[in-house]
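this one's structure only:
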């Protein structure tokens, strides 16, 4: 006889609903996007595959986890045993750069406004960030000017411009 509270959990299928993410959508109208366990798993696997993240990687995340992009970073990095460094001090952009340097994170993830702020309001242009291997951007469209500037400043670092779970879901 199994002890109270110990035993088999519920059987979860990939098609079962895992989450409802609310977004304004491209039209500006609120939309509840239904995500299955398979949606979330497929998204995480895809990110791991094309970015090459591994258990040796750590991403500096300035995004909240109620936002699907922040949650996606959490899932994809944890899937491979990587680390997510939570940096909630983006009000002071140089603090983010200090965190990247101090903790030697291999990645930084943000939306295009984060990159615009780092380029315009921080010392990003004068820092080399030697531990950083990749930049990730999603959640909106990165202006070409911002993309070109990041590539110019960091030609040996990868830049992944992505779209997310709500855009790729079948809802």
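That came through fine. Since we're looking at a predicted model, the values are computed, not measured.

quick one: buried residues of the strand or helix carrying residue 49?
Assigned by DSSP states H and E, residue 49 belongs to helix 37-51. Along helix 37-51, these residues count as buried under the neighbour rule (16 or more other CB atoms under 10 Å): 39-40, 43-44, 47-48, 51. C-beta here means a position set from N, CA and C on the backbone, and glycine is covered the same way.

just put these in CSV and tack on distance to residue 73 and pLDDT.
Below are these laid out as CSV (distance: CB to CB, whole Å; pLDDT from 0 to 100):
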residue, distance to residue 73, pLDDT
39, 16, 88
40, 12, 88
43, 11, 88
44, 10, 91
47, 8, 92
48, 11, 96
51, 11, 95
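
farthest pair within the residues you listed?
Spatially, the most separated pair among the buried residues of helix 37-51 is 39 and 51, at 18.4 Å (CB to CB).

downstream of the helix holding residue 49, the next helix or strand is which one?
strand 58-61.

and the spatially most central residue of the chain, what element?
Central residue check for the chain by CA atoms, centre = their mean: the C-alpha nearest the mean position is that of residue 73, 3.5 Å away. Per DSSP H and E: residue 73 is located in helix 68-79.
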